[in-house]
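Q: return atomic coordinates for the entry below.
(chains A and B)
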Number of protein chains: 2
Amino acid sequence: MPFISRKAKAMPASPIRKLVPYANEAKRIGRHVYHLNIGQPDIETPEVVWETMRNLKMKVLEYSPSPGFESYRKALAAYYQNHYDIHLQPNQIIVTNGGSEALKFAMMTCFDEGDEVIIPEPFYANYNGFAVASGVVVKPIRADILNGFALPGIEAFEKLITPKTKGVLICNPNNPTGYLYPEAELLALRELVLKNDLYLIVDEVYRDFVYDGKHHTSVLNMHGLEKNVLVIDSVSKRFSMCGARVGVVMSRNEEVMSAVMKFAQARLSPPTFGQIAAEAALNVPNDYFAKVNAEYVSRRNLMVDLLNNIDGVFCPCPGGAFYAIAQLPIDDSDVFCQWLLESFELNNETVMLAPATGFYSSPNCGKNEVRLAYVLNKQDLTKAMKCLEVALQQYPGRVENAAAAQTVTI
Amino acid sequence: MPFISRKAKAMPASPIRKLVPYANEAKRIGRHVYHLNIGQPDIETPEVVWETMRNLKMKVLEYSPSPGFESYRKALAAYYQNHYDIHLQPNQIIVTNGGSEALKFAMMTCFDEGDEVIIPEPFYANYNGFAVASGVVVKPIRADILNGFALPGIEAFEKLITPKTKGVLICNPNNPTGYLYPEAELLALRELVLKNDLYLIVDEVYRDFVYDGKHHTSVLNMHGLEKNVLVIDSVSKRFSMCGARVGVVMSRNEEVMSAVMKFAQARLSPPTFGQIAAEAALNVPNDYFAKVNAEYVSRRNLMVDLLNNIDGVFCPCPGGAFYAIAQLPIDDSDVFCQWLLESFELNNETVMLAPATGFYSSPNCGKNEVRLAYVLNKQDLTKAMKCLEVALQQYPGRVENAAAAQTVTI
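A: So this is what the prediction gives:
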């Protein structure tokens, strides 16, 4: 029997999705599961998308061009200009199978096997998966929950730089922490990448979800980074259409875009239906995000308050995206999250969370942290937090290690 | 300025898509271009697909599960059983972003950087792209146009086997040659892979397009290969829905499927709309393929006859798929195909072909060959062949090197 590749053996299972069988089993026995484990918003996809799909006038479901439909790339360039004051040509945008493929193309274009990329941790778990798949070495740099997950000091980055370092990857606003990088931190990163001739890959898929009057700074608008910056974006979260599988990779570096184009050609094309839907979604009314964000802010406030009122729990209040990381009085978040699904119920309900261990690449980190996505309505969120509160009282592996953190204000 | 990866530099541009800018320019100046360069069928996507899309009753366009919707995988397992007598469990099928991603997952699961895979050439150009992207070394083995591209003798395979050889990859029926591998050749491959403990990856996306009363043998139905075989399939060609981007990778090897699942999780999910459309397409009436194949056979017969009647042209008659490779009296197929778009017209029309050089990985092969996809109606095919005939008379790089071949009958 032939053996599978070392790469396949080394691939991590998705920490977000590996608990799915336990959730399925809980549902099978009639238990209601509150899903705070995955960034699947319950916000309705804009009506204009459904209208467009109902009125499709095609006869043959053809391939799109490899970089995506030109009409969509043009409309997107106009959208970036109007909404974010980001000025791009359509040929500086290549459409991908979700943000996932955009990230993969970015990594494959910038890094060879053995090259190193610095990523502040905790980070989106699948960055690890893509790195393993392409043989890239992740050099994590710890962002601390006690600082609300602010960017670690640049001197900490400098210490990690070796001749193999080829880039820095961040997600802004951040998944899983919800942290919004202020301009000053991005300017510091700008100096770092220019000084060391690095790529700066920024995942901006949550750029529209920024709260409390704060402003999102896109690295596409930072002077002097034209050759260094690649940005990942997607319609998944923006328009609540995760299933469309339509993302983009964007750069002003021509050599980078020519290389991305070759990877894009090798997989033929991004999905036709998804692109048609995504192009339609660009026409949502202007007040769409105000409404959606008001909803997310009220959910965030509710959830973070409820969390911090639970004995032994600490959760910094995130400035963007729709995630929060909370520190819990537990021994092992993987065990706890599985226990929630297998052994706990409150009124025949339970809650599914993502263990934070999967968001760290340093060993033994995140064992007392979980990620929560506030993608449910407030009534459900309240019930889910009640589940969590009671579960923490009953959980056999409860430990009081989060107490110190609770005294910290950020 | 940071430099792009060696991998990105080494990536081949798609030989099928790299001529697109010349075609666009020809169209811009008002010239009609007959597209025989790409396997984008003009056959209408089944009406049941459009009906399903018009009646979507969703509110949120959600992610699907990473391996694809369970309902689709179950329906597909039943479809394989009913249509091909292939017996698979739904968990032996993982849904992918087109056959492209299925192939990528198969390669990443089976091969590490530096591992070798034997592929009869000419082969589907993007196999090269995927190999470069994953650092896998393609060992080509020449199939000869004078033998109608039959499988090279097994002793030729044996000669290529080294300690690094991990698999054999074929496409059946073949793209770009249209060759249908008879059971005897597959049995010979079976012995080879069992003896040498290799993976056998078979791209069967054209399995429904088999002509002249011949039978397609799936390696999924060959005894004793359960641990060795991975099969790639897709709805792109079957139901003329290339734009759905819905393929599958299938295997009875549990370790392989667990590894594929991890790669699938890392990119979250295949497209939701495409899967809904693909599941609907499984309900096409039974006579669908009889009609479609009758159309393809009459196109094939017309095109191959017209080709062989052109002075200096030789084209073996393919037994499946909807491609043919023709030998032309030309110096360089890349130059010729570009010349057709840039410098030739007949009644303000021209034809776009795929240079066969991109289907060989051995250097200097395919220089007097092109691939033609008979994906246009007979009237258009006739006009396209007239273009080709006149073009060959006018082409400055005409050489008579195909003459010998014309005397061969297969």
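
Q: so how far is A:V235 from A:Q81?
A: Here the criterion is Cβ to Cβ, to the nearest Å. By it, A:Q81 lies 17 Å from A:V235. To be clear about C-beta, it is placed using only N, CA and C from the backbone, and glycine gets the same treatment.

Q: give me the more crowded residue out of those two.
A: Just comparing A:Q81 and A:V235: by other Cβ atoms under 10 Å in any protein chain shown the higher neighbour count belongs to A:V235, 28 against 12.

Q: can you tell me the element the residue lying closest to that one once chain neighbours are set aside falls in?
A: Leaving aside its chain neighbours, A:V235 sits nearest to A:A278 (4.6 Å; criterion: Cβ to Cβ, 6 or more residues apart in numbering or on different chains). Using DSSP states H and E, A:A278 falls within helix A:272-281.

Q: same for the next helix or strand after that helix, what does it pack against?
A: Scanning forward in sequence from helix A:272-281 by DSSP H and E, the next helix or strand is helix A:288-308. With contacts taken as 3 or more Cβ pairs under 8 Å, 6 or more residues apart in numbering or on different chains; DSSP states H and E, helix A:288-308 sits against strand A:323-327, helix A:378-394.

Q: between strand A:323-327 and the longest one, find me the angle.
A: Angle, helix A:378-394 to strand A:323-327, by axes from the mean of the first three to the mean of the last three Cα atoms, to 10 degrees: 20 degrees.

Q: right, is helix A:378-394 up against chain B?
A: No - using Cβ under 8 Å from any Cβ of the partner chain, helix A:378-394 stays clear of chain B, with a minimum separation of 14.6 Å.

Q: what about A:C317, distance to A:L392?
A: For A:C317, the distance to A:L392 (Cβ to Cβ) stands at 20 Å.

Q: an error on my part: the question was meant for A:Q40.
A: Remark: distance between A:Q40 and A:L392 (Cβ to Cβ) = 25 Å.

Q: got it, and A:G167?
A: The value you get for A:G167 to A:L392, if Cβ to Cβ is used, is 39 Å.

Q: in terms of neighbours, single out the busier of these two.
A: With neighbours defined as other Cβ under 10 Å, A:G167 and A:L392 compare such that A:G167 has more, 24 against 18.

Q: following element in sequence after whichever helix or strand that one is part of, please.
A: A:G167 belongs to strand A:165-171 when assigned by DSSP H and E. With elements assigned by DSSP H and E, the helix or strand that comes after strand A:165-171 is helix A:183-196.

Q: give me the mean pLDDT for whichever helix or strand comes after that next one.
A: Downstream of helix A:183-196, the next assigned helix or strand under DSSP H and E is strand A:199-203. Strand A:199-203 carries an average pLDDT of 98.

Q: what does stretch A:105-116 give?
A: Average pLDDT, stretch A:105-116: 96.

Q: what does the helix holding A:A278 contact?
A: Identification of contacts with helix A:272-281 by Cβ atoms under 8 Å, 6 or more residues apart in numbering or on different chains yields A:45-46, A:48-49, A:51-53, A:56, A:61-64, A:68-69, A:71-72, A:75, A:95, A:235, A:238-239, A:241, A:244-246, B:53, B:61, B:243-245, B:271, B:273-274, B:277.

Q: who's the spatially closest residue to A:A131 that is not a sequence neighbour bridged to?
A: Distances taken as Cβ to Cβ, 6+ apart place A:V138 nearest to A:A131, at 4.8 Å, with adjacent residues excluded. Partner residues in beta bridges with A:V138, using DSSP bridges, are A:V117.

Q: nearest spatial neighbour of the residue most central in space within chain A, skipping sequence neighbours?
A: In chain A, the residue lying closest to the centroid (Cα atoms, centre = their mean) is A:N175, at 3.9 Å. Here the nearest residue to A:N175 in space, its sequence neighbours aside, is A:Y124; by Cβ to Cβ, 6+ apart that works out to 4.8 Å.
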